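*Asks:* show me the folded form of this:
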Amino acid sequence: MTRREPAYDAVRRAGVLRVSRPGTEWLSTGWNGGRRTADAVYNVTVPDGWNRTDLDTYIAERLEQAGFAEASEHEQGQTDVGPALLTGAKQRDACGARCGSVTAYATAGISNPAALPMDPDEEGEQPVSAGDEQRPGHGTVNIIVGTTKALAPGALANLVAVAAEAKAATLLAETGYPGTTTDAIITGHDPTGEQVSFSGSGTDVGAATRACVREALRATLRAHYEGCNSELPDAVSDAPYGVSTEIRATVFQPAFED
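*Replies:* Numbers count the residues shown, from 1 in each chain. Next up is the predicted model:
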């Protein structure tokens, strides 16, 4: 049986996962995110105790160390490095899944779970602090999804929501938590592909994305926790960096006019 290569190919090197397809338009929720056209995106593992704040420079350094050509070109000012995500999870545990026009890759660590209890103890509206700047390094669930279809602008944005929903559903089933404090997603599409107006869960692209995220995420969780002989935290209090949203918001209805 001939092995079919994924449309979004990937390689791991020196703690970096590169996912590539020429001329892809990407939408990233990670550092320096937004929309960008690039030939590749990256998932970069940071070491324990990592405390760098010059993230653009750090990412360029890591890509250069990994031997990816895009890094040296960036240093010379000739091109822009594609979107990159940062994580404390090891790229040795990265897993991918393919279904129809969609390919997805995932890494996951759950040492910083973010629980959302439906009946928190605190009542009434409480002030919410922005807290420290979001920083990876203790876990993180990173998802990269690409489709060979050409998505309408809203459909590409909606694909982030579809991937996030699939991530949360899978994590709830596997870990009891919908996510971690530093999760991020990159979605991509081929502007030259077949035009698609929608990417919801009932579409071919949306359904394939849900399946790919589920399978890739479950596989990387198994690889991560079985490979390092560690256990998922049973409660936020058991996790080194977990949080639980115990505050309540004030519910109201918008004004109504005839």
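
*Asks:* what's the neighbour count on the closest residue to Glu246 other than its chain neighbours?
*Replies:* Closest residue to Glu246 apart from its sequence neighbours, by CB to CB, 6 or more residues apart in numbering: Pro120 at 4.4 Å. For glycine as for every other residue, the C-beta is placed from the backbone atoms N, C-alpha and C. Per other CB atoms under 10 Å, the neighbour tally for Pro120 reads 14.

*Asks:* show me the helices in the stretch 101-250 of the chain, by range?
*Replies:* Here the stretch 101-250 of the chain has its helices, by DSSP state H, counting those that start in this stretch, at 153-175, 204-227.

*Asks:* and the ones you listed, which is most packed in?
*Replies:* Ranked by mean neighbour count, the helices of the stretch 101-250 of the chain are led by helix 204-227 with a mean of 21 (mean count of other CB atoms under 10 Å).

*Asks:* just give me how far that helix sits from the chain centre.
*Replies:* Remark: helix 204-227 is offset 12 Å from the chain centroid, using CA atoms, centre = their mean, to the nearest Å.

*Asks:* let me see the mean pLDDT of it.
*Replies:* Predicted confidence along helix 204-227 averages 95 (mean pLDDT).

*Asks:* what's that helix packed up against?
*Replies:* strand 95-99, strand 102-109, strand 140-147, helix 153-175 (3 or more CB pairs under 8 Å, 6 or more residues apart in numbering; DSSP states H and E).

*Asks:* mind checking pLDDT for the residue of the chain most remote from its centre?
*Replies:* What lies farthest from the middle of the chain is Asp258; by CA atoms, centre = their mean that is 43.7 Å. Asp258 carries a pLDDT value of 83.

*Asks:* again with Glu231
*Replies:* Glu231 is given a pLDDT of 79.

*Asks:* next one: the one 4 residues further on
*Replies:* Each residue has a pLDDT score; the one for Ala235 is 85.

*Asks:* so how far is Pro83 from it?
*Replies:* Look at Ala235 and Pro83: by CB to CB, to the nearest Å, they are 34 Å apart.

*Asks:* the two: which is more packed in?
*Replies:* Comparing Ala235 with Pro83 by other CB under 10 Å, the one with more neighbours is Pro83, at 27 against 12.

*Asks:* residues contacting the closest residue to the more buried one other than its chain neighbours?
*Replies:* Once flanking residues are discounted, Pro83 sits nearest to Ser28: 3.8 Å by CB to CB, 6+ apart. Going by CB atoms under 8 Å, 6 or more residues apart in numbering, Ser28 touches 34, 36, 41, 83, 85, 184-186.

*Asks:* in this structure, which ranges drop under the pLDDT threshold?
*Replies:* Applying pLDDT under 70 to the chain flags the ranges 1-5, 69-80, 122-138, 227-229.

*Asks:* one step back: His224 is nearest to which of the helices and strands packed on helix 204-227?
*Replies:* strand 102-109 (6.0 Å; CB to CB).

*Asks:* run the angle between that closest one and helix 153-175 for me.
*Replies:* 40 degrees (axes from the mean of the first three to the mean of the last three CA atoms, to 10 degrees).

*Asks:* partner strands of strand 102-109, with direction?
*Replies:* strand 95-99 (antiparallel), strand 140-147 (antiparallel) (DSSP bridges).
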